[in-house]
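Colleague: this is a predicted model, with the sequence first.
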Amino acid sequence: MKKLMQKIFTDLNQAVALENLQRLKEGTLIIPKSEIMILGQMSLMLNESVATILNLIQTADMDARLRMDYFTKKKLLNLLEANGLVYDEDSHLVWIPGNAKVIELFKFKNIEVNLMDAESTLVSKAIQAPQKNKQLIRQAVTSGRFPTLVDRIVENNGKLEFFLEDRNE
């Protein structure tokens, strides 16, 4: 998945660079640098250290916070679609926990792509969609790789006991 996303964002960066050259020739404003913060399942899949320890369900949906102009967003949507992926327009609904960390994924001249850290993504999933993510959260807790996951779920009013009981399977 990481190679595919690198190709998509490399192509996006090149498209913006070409558009900016054209705009400079025309004497119009160039496109400012864009920022993308990938969230949710896609952020877990792109975090290679996490993808090797958790059984992640593949997704074609990309949840992300986008700071970009119309040209760049339209180009991104086309590139995602051409590669069998889709941007989730409800990404603004993804809750980002306090103390979430940003991990740089790709940095180009015109595009900066970051991920939300894995533990914060797991906290978000535990709080926002516990039923859907029960097995994932259990696996993350038992892996021992997320030392403050349990505390952060509790601090954010998550129902830790839900992930410990078996009858909701």
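Modeller: Done, it's in.
Colleague: C-alpha from now on. contacts and neighbour counts both.
Modeller: Noted.
Colleague: isn't residue 116 up against residue 41?
Modeller: No. With contact defined as CA atoms under 8 Å, residue 116 does not count as touching residue 41 (10.4 Å).
Colleague: between the two, which is the more surrounded one?
Modeller: Per other CA atoms under 10 Å, whichever of residue 116 and residue 41 has more neighbours is residue 116, with 24 against 20.
Colleague: and the more buried one, what are its bridge partners?
Modeller: When bridges are called by DSSP bridges, residue 116 pairs up with residue 102.
Colleague: helices of the chain, start to end?
Modeller: With DSSP state H as the definition, the chain shows helices at residue ranges 2-26, 40-46, 48-51, 70-82, 118-128, 134-143, 149-155, 160-164.
Colleague: name the helices or strands packed onto the first one?
Modeller: Okay, so that is helix 2-26. Other helices and strands packing on helix 2-26, by 3 or more CA pairs under 8 Å, 6 or more residues apart in numbering; DSSP states H and E, are helix 70-82, strand 111-116.
Colleague: ok so, going back, out of the helices of the chain, which comes closest to residue 95?
Modeller: Taking CA to CA, helix 118-128 is the member of those nearest to residue 95, at 5.9 Å.
Colleague: helix 134-143 and the closest one, what's the angle between them?
Modeller: On the basis of axes from the mean of the first three to the mean of the last three CA atoms, to 10 degrees, helix 118-128 is oriented at 140 degrees to helix 134-143.
Colleague: deepest in the core, which of the helices and strands packed on helix 2-26 is it.
Modeller: Scoring these by mean neighbour count under mean count of other CA atoms under 10 Å gives strand 111-116 as the most buried, with a mean of 22.
Colleague: pLDDT below threshold where in this protein?
Modeller: For the chain, applying pLDDT under 70 flags the ranges 167-169.
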